[in-house]
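J.: sequence first, then the predicted structure:
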Amino acid sequence: MKVLITGLMVYDSGKTWFTVTLARKLISKGFKISIYKPVSGHSLWHQYSTIVESIEKGMLFGEDILKYGEVLDIRDSKRLALMNPIDILFAPLDIVKYIDDRNIEKALVDLDNQFLQMILARVSFCPDGITKHYVFGENTSRTTQTVREVIESLAKKFNAIETDVMSFNRLLQSKEVDDKLSTCLEMLTKGNDAVLIESFNNSLIPYMGLIKEEIDLLFVVYPSVVLIYRSSIKDLMRFVTQNIHIYGGKALVTDVLVNNFKYDKYYVLKPRVSIYDNDEIFDDIIKYIAL
């Protein structure tokens, strides 16, 4: 079974907390599962501990996939890379440059532009396991000196290839990468009862090839609420296929889809101190996977 998990908001929808709790609950009930996060992004500044662990593992990894590795008891770098083929590292802009130029308004605009804050990336290909790291020199110069030193050290450690953001985005959107991501999913599906696929930000799907896959269940996560879609998934995917060429990326945004398709059921989630705390409502939620 392929279970897709996406967020209603661009940031902080709670996808990772939901996925970890769902995975732990399924494992406790005897399910054999895997977790797939095709594309991830994380912050050098806010998640610096991941940089330390990435150096130890010899590859760039974000906080989410390291959590998933803990849940599934997976520590091996190649197996983690299979679960998370693409990871992008972001770093804060040097705000003083904007202030000195008396242009704080532009800073506020640029802070909403992730493309200006991408500084390093990892792409791991399936099934051969070849991994390449990329460094974005044009963006490295936008950061503070202390951050630049970390980036340069990481780039050297990972033998990163210097490239520009536009070229990297073309690579991510290529058929080659799309096919490789589908191969990773196929490998993770074998021998498991369910694969939990986490999307990126508030996009319905993390890569275009997923439209062709038979998705059995969709969870749309929002702080304190999860919407469940099962009966309308085929219509929902058909809507995306028909509208992607007309509306572009907007056809993939979750809020557009929930506005056009009725959920089967929703559950209210409770606040928790730790990502590992239990929420009894998941005993009901996993029944949709057991069907």
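T.: That came in fine, so what should we check first? Keep in mind that this is a model prediction, so the values were computed, not measured.
J.: from here on, just use CA atoms for contacts and neighbour counts.
T.: Noted.
J.: pLDDT weak spots in the chain?
T.: For the chain, the stretches flagged by pLDDT under 70 are 247-251, 291.
J.: again, only using 80
T.: Applying pLDDT under 80 to the chain flags the ranges 243-252, 290-291.
J.: quick check: domain ranges of it?
T.: Following automatic domain parsing, one finds the domains of the chain at 39-172, 193-290.
J.: using CSV, write out the CA atom coordinates for stretch 179-194.
T.: The C-alpha coordinates for stretch 179-194 follow below in CSV (Å, rounded to 0.1, in the frame of the first residue of the first chain):
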residue,chain,number,x,y,z
ASP,A,179,12.7,8.0,-13.2
LYS,A,180,15.3,7.5,-10.4
LEU,A,181,12.8,8.7,-7.8
SER,A,182,10.3,6.2,-9.0
THR,A,183,12.9,3.4,-8.8
CYS,A,184,13.6,4.3,-5.2
LEU,A,185,9.9,4.0,-4.4
GLU,A,186,9.7,0.6,-6.2
MET,A,187,12.7,-0.6,-4.1
LEU,A,188,11.1,0.6,-0.8
THR,A,189,7.7,-1.0,-1.7
LYS,A,190,9.1,-4.5,-2.1
GLY,A,191,8.6,-6.6,1.0
ASN,A,192,6.7,-4.0,3.0
ASP,A,193,3.0,-3.8,3.9
ALA,A,194,3.0,0.0,3.4
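J.: where do the strands of the stretch 1-150 of the chain begin and end?
T.: For the stretch 1-150 of the chain, applying DSSP state E, counting those that start in this stretch gives strands covering 2-7, 33-36, 39-43, 86-90, 118-124, 131-136.
J.: hmm, I was thinking of the stretch 151-291 of the chain
T.: Counting by DSSP E, counting those that start in this stretch, the stretch 151-291 of the chain has strands at residues 161-163, 194-198, 217-222, 225-229, 265-268.
J.: now the fourth one: buried residues?
T.: Meaning strand 225-229. If you call a residue buried by 16 or more other CA atoms under 10 Å, then strand 225-229 has these buried ones: V226, L227, I228, Y229.
J.: centre of the chain to it, how far?
T.: In terms of CA atoms, centre = their mean, to the nearest Å, the centre of strand 225-229 is found 19 Å from the chain centre.
J.: contacts for that strand next, please.
T.: Around strand 225-229, the neighbours that count as contacts under CA atoms under 8 Å, 6 or more residues apart in numbering are 217-221, 262-269.
J.: tell me the angle it makes with strand 217-222.
T.: With axes from the mean of the first three to the mean of the last three CA atoms, to 10 degrees defining the directions, strand 225-229 sits at 160 degrees from strand 217-222.
J.: so what strands line up beside strand 225-229?
T.: strand 217-222 (antiparallel), strand 265-268 (antiparallel) (DSSP bridges).
J.: to F115, which of these lies closest?
T.: Closest to F115 of the strands paired with strand 225-229, according to CA to CA: strand 217-222, at 24.9 Å.
J.: what angle sits between the closest one and strand 2-7?
T.: Going by the same axes, to 10 degrees, strand 217-222 makes 20 degrees with strand 2-7.
J.: ok, and what's touching strand 217-222?
T.: Applying CA under 8 Å, 6+ apart, the contact partners of strand 217-222 are 2-9, 13-15, 18, 226-230, 233, 254, 288-289.
J.: quick one: buried ones out of those?
T.: 2-9, 13-15, 18, 226-230, 233, 254, 289.
J.: nearest to K25, of the domains of the chain?
T.: For the domains of the chain, the distance to K25 is smallest for domain 193-290, at 7.1 Å, taking CA to CA.
J.: straight-line length of that closest one, end to end?
T.: Domain 193-290 has an end-to-end distance of 9 Å (CA to CA, to the nearest Å).
J.: how far out from the middle of the chain is it?
T.: The chain centre lies 14 Å from the centre of domain 193-290; the measure is CA atoms, centre = their mean.
J.: the chain should start at 564 in everything you say after this.
T.: Shifting the count to begin at 564 puts that one at domain 756-853.
J.: residue contacts, the closest residue to N841 other than its chain neighbours?
T.: Nearest in space to N841, with sequence neighbours left out and distances taken as CA to CA, 6 or more residues apart in numbering, is T584 at 7.1 Å. Under the criterion of CA under 8 Å, 6+ apart, the neighbours of T584 are I838, Y839, D840, N841, D842, F845.
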